[in-house]
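Novice: compute the structure for the input listed below.
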Amino acid sequence: MENKETIRLRAPEPEDLEVILSFENDAELWELGTATGPYSRFQLKRYIDENQNNLYVDGQLRLMIVQGECEVAGIIDVFSFDVRHNRAEVGLVVRKDLRGKGIARKALDLMEVHCFKRLGLHQLYAYIPAGNVASRKLFLSAGYVECAILKDWIRIGVSYQDVYLFQKVAM
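Specialist: Residues are numbered from 1 along each chain as shown. The predicted model follows:
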């Protein structure tokens, strides 16, 4: 039996639809990505139904972060997969009520093992806004290297913010 501290990753299931909707339709998170508006229930249901959860087929891999036996704590994605250069971007989000408990770090570690050891990727990278200190600390603690600062890279409200580019190369 798993304890409450156990973190694992699994493919999205149809019953995850409401959780995925809550993350995808959180307007605070839109500024960090490329979304310009909310997703419909139909769009995300179709995504769950049709996605093969195969990085090489879909060009992305989305996994649910599960705490204990079944509690969904967040989502971790590998996307913008570049098959020629064997790299992909990684991003994750943890429920607000579960942040600061090490869940993101455990999920990131598990995703790295999957990507580097099982899929044979050479590199993972992440773009992190300068203001997101917690995420910057997370990626630094996981062995990512801050390799660039992109000036005025994302718009937050009516102003622009720098973004740090972090990368980790497979060992």
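Novice: thought Ile154 was touching Tyr164?
Specialist: No. Applying Cβ atoms under 8 Å, one finds Ile154 not in contact with Tyr164, separated by 11.2 Å. For glycine as for every other residue, the C-beta is placed from the backbone atoms N, C-alpha and C.
Novice: and Val133, how many neighbours does it have?
Specialist: For Val133, the count of nearby residues is 10 (other Cβ atoms under 10 Å).
Novice: tell me the contacts of it?
Specialist: By Cβ atoms under 8 Å, 6 or more residues apart in numbering, the contact list for Val133 is empty.
Novice: Ile154 and Tyr164: which has the busier surroundings?
Specialist: Tyr164 (21 against 18).
Novice: okay, and the beta partners of that one?
Specialist: Taking DSSP bridges as the rule, Tyr164 bridges to Ile128, Ile149.
Novice: ok so, going back, where do the contact lists of Ile154 and Tyr164 overlap?
Specialist: Pro129.
Novice: following the lowest-mean-pLDDT helix or strand in the chain, which helix or strand shows up next?
Specialist: Lowest on mean pLDDT, DSSP states H and E among the helices and strands of the chain sits helix 27-30, with a mean of 73. Moving toward the C-terminus from helix 27-30, the first helix or strand encountered (DSSP states H and E) is helix 41-50.
Novice: so where's the chain shaky on pLDDT?
Specialist: Scanning the chain for pLDDT under 70 picks out 1-4, 30-35.
Novice: which residues of it fall in helices?
Specialist: For the chain, the helices defined by DSSP state H occupy 17-24, 27-30, 41-50, 55-58, 103-112, 133-141.
Novice: so Cys115 sits against Val78, correct?
Specialist: Yes. Between Cys115 and Val78 there is a contact under Cβ under 8 Å: 6.1 Å.
Novice: give me the common contacts of the two.
Specialist: Here Cys115 and Val78 have 55, 88, 90, 124 as joint contacts, going by Cβ under 8 Å, 6+ apart.
Novice: what about the closest residue to Leu108 other than its chain neighbours, distance to Gln67?
Specialist: In this structure, Leu108 finds its nearest non-sequential neighbour in Ala142, 5.2 Å apart by Cβ to Cβ, 6 or more residues apart in numbering. Distance of Ala142 to Gln67, computed by Cβ to Cβ, to the nearest Å: 18 Å.
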